[in-house]
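*Asks:* below are the sequence and a predicted model; questions follow.
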Amino acid sequence: MPELVLWDVDHTLMATRGLGRELWAQAFAEVTDTTMREQASVTGSTERVILRETARLHGIPYTDGLFAKFADALGSVHLRRAAELRERGHALPGAASALSGLAERGVRQSVVTGNVRAAAEVKLAVFGLDSYVLLDEGAYGEDGEGRPELLAKALARAGVNADAAVFLGDTPADVAGGHEAGVRVVAVATGKATGDDLREAGAVTVLDDLADTRQVLAAIGA
């Protein structure tokens, strides 16, 4: 049984049905005084990278200060529109049951996500998933640019070796990042990537979804 299970957030545990882009655009406009015309690719990326590339698309210089302001604004926007997020989005089928099943077995859980922490906290709380995860042992968009860096940060915070952890994610970047960090990956085909896409990225264990709790726990090794 793993000592620590780390979850990606968007499209692994939940879906925001387009509202996520709206909230992102609102925060971008607040800190840059610019209406977002296009957004850099978000799949498997982190908010820091997405902001830097989106700013470049709009001819706006990127700085660490700009990211800090954006992170604050994005967290605030999520908090102000939490009720709308609850109405439009949803936890993916089986997500709560999988988290609960691991908790019942005494497995520590946290998240590794490109979201800034404040936004991730709102999303998890809105869909009733926050009580299962140790947020201080996770890693977020403020902590780095890629999945390997974030996974290493989470492992260090939890005090767990890579070979004692499992990471669940829905993108080829999650798979590649887990392998680079030395963490066993369980890929979930609940995002844009198909099961074949995830296998081509190197995933050995691929689930169609989280709906079968017994199957999910078995894949994790719990």
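*Replies:* Looks like it came in fine.

*Asks:* please count neighbours and contacts with C-alpha atoms only from this point.
*Replies:* Will do.

*Asks:* quick one, domains of the chain?
*Replies:* 4-16+90-220, 19-86 (automatic domain parsing).

*Asks:* what is the rounded mean pLDDT of the longest helix belonging to the chain?
*Replies:* Longest among the helix segments of the chain by residue count, using DSSP state H, is helix 64-80. For helix 64-80, the mean per-residue pLDDT is 96.

*Asks:* re the thing from before, most tightly packed of the domains of the chain?
*Replies:* Highest mean neighbour count among the domains of the chain (mean count of other Cα atoms under 10 Å): domain 4-16+90-220, with a mean of 20.

*Asks:* gap between the two ends of that one?
*Replies:* Start-to-end span of domain 4-16+90-220 (Cα to Cα, to the nearest Å) is 10 Å.

*Asks:* before we move on, what about stretch 24-41?
*Replies:* 13 Å.

*Asks:* what does that stretch rub up against?
*Replies:* In this structure, residues lying in contact with stretch 24-41 by Cα atoms under 8 Å, 6 or more residues apart in numbering are 50-51, 53-54, 57-58, 60, 66, 69-70, 73-74, 77.

*Asks:* could you redo those as a markdown table and give each row distance to residue 138?
*Replies:* A markdown table is the format used below for these (distance: Cα to Cα, whole Å):
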| residue | distance to residue 138 |
| --- | --- |
| 50 | 20 |
| 51 | 21 |
| 53 | 25 |
| 54 | 26 |
| 57 | 30 |
| 58 | 32 |
| 60 | 31 |
| 66 | 23 |
| 69 | 22 |
| 70 | 20 |
| 73 | 21 |
| 74 | 19 |
| 77 | 22 |
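
*Asks:* how about the helices of the chain, start to end?
*Replies:* The residue ranges that make up the helices of the chain, judged by DSSP H, are 19-32, 47-57, 64-80, 82-88, 95-104, 117-126, 147-158, 172-181, 195-200, 213-220.

*Asks:* pull the shortest one out as PDB, backbone CA atoms only.
*Replies:* Pointing back at helix 195-200 there. In PDB, the C-alpha atoms belonging to helix 195-200 read as follows (Å, rounded to 0.1, in the frame of the first residue of the first chain):
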ATOM      1  CA  GLY A 195      -6.400   5.800 -23.100                       C
ATOM      2  CA  ASP A 196      -4.200   5.100 -26.100                       C
ATOM      3  CA  ASP A 197      -2.700   8.600 -25.800                       C
ATOM      4  CA  LEU A 198      -1.800   7.900 -22.200                       C
ATOM      5  CA  ARG A 199      -0.300   4.500 -23.000                       C
ATOM      6  CA  GLU A 200       1.800   6.100 -25.700                       C
END
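
*Asks:* related to what we said a few turns ago, now the helices of the chain in a markdown table, with distance to residue 187?
*Replies:* Formatted as a markdown table, the entries for the helices of the chain read as follows, by distance: least, Cα to Cα, whole Å:
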| stretch | distance to residue 187 |
| --- | --- |
| helix 19-32 | 22 |
| helix 47-57 | 21 |
| helix 64-80 | 27 |
| helix 82-88 | 25 |
| helix 95-104 | 14 |
| helix 117-126 | 20 |
| helix 147-158 | 14 |
| helix 172-181 | 7 |
| helix 195-200 | 7 |
| helix 213-220 | 10 |
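
*Asks:* so which of those comes closest to residue 166?
*Replies:* Each of the helices of the chain was scored for nearness to residue 166 using Cα to Cα, and the closest is helix 213-220 (6.7 Å).

*Asks:* that's all I had, so thanks and see you.
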